[in-house]
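Q: coords below, sequence missing:
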């Protein structure tokens with residue numbers, strides 16, 4: 001399985017860590033497949049699937065958020081979540097997801 005990592009913060013270790021989003025997306029896809037729900041077929045449908053499922057799981061949830069701050073001034077800061085990181089790379093994430101599904 002190919003992975004796609006985003007940055008999260010591990011409260012237990014106190015460190016920023018890589019987090020692979022593919023297991024979640026694949027598990028969600030397989031659950032829909034088992035329930036015989038309509039599955040995506042085209043690239044755009046897969047893209048919408050990734051977008052909606054990642055929004056449901058990762059959007060605005062504090063365990064998936066980090067604060068970015070400029071260096072060295074430390075005057076500007078911005079909160080980013082995993083969903084925003086996925087949206088910046090949506091086409092790439094979709095391609096990797098489709099490759100994983102087709103394996």
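A: Cool, got the structure. This is a predicted model, so every value here is computed, not measured. Numbering: from 1, shown residues only.

Q: touching, residue 77 and residue 66? I think so.
A: No. Between residue 77 and residue 66 there is no contact under Cβ atoms under 8 Å: 10.5 Å. (Each C-beta comes from the backbone N, C-alpha and C, glycine too.)

Q: ok, the two, which is more surrounded?
A: residue 66 (16 against 9; other Cβ atoms under 10 Å).

Q: right, and the helix or strand after the lengthiest helix in the chain?
A: With secondary structure taken from DSSP state H, the chain has its longest helix at helix 43-58. Per DSSP states H and E, helix 43-58 leads on to strand 65-69 as the next helix or strand towards the C-terminus.

Q: check whether the residue located most distally from the centre of the chain sits in a helix, strand or coil.
A: Ranked by distance from the centre of the chain (Cα atoms, centre = their mean), the top residue is residue 73, with 29.9 Å. In three-state terms, and counting by DSSP: H, G, I helix; E, B strand; the rest coil, residue 73 is coil.

Q: just residue 97 next, same as before
A: What three-state DSSP gives for residue 97 is helix.
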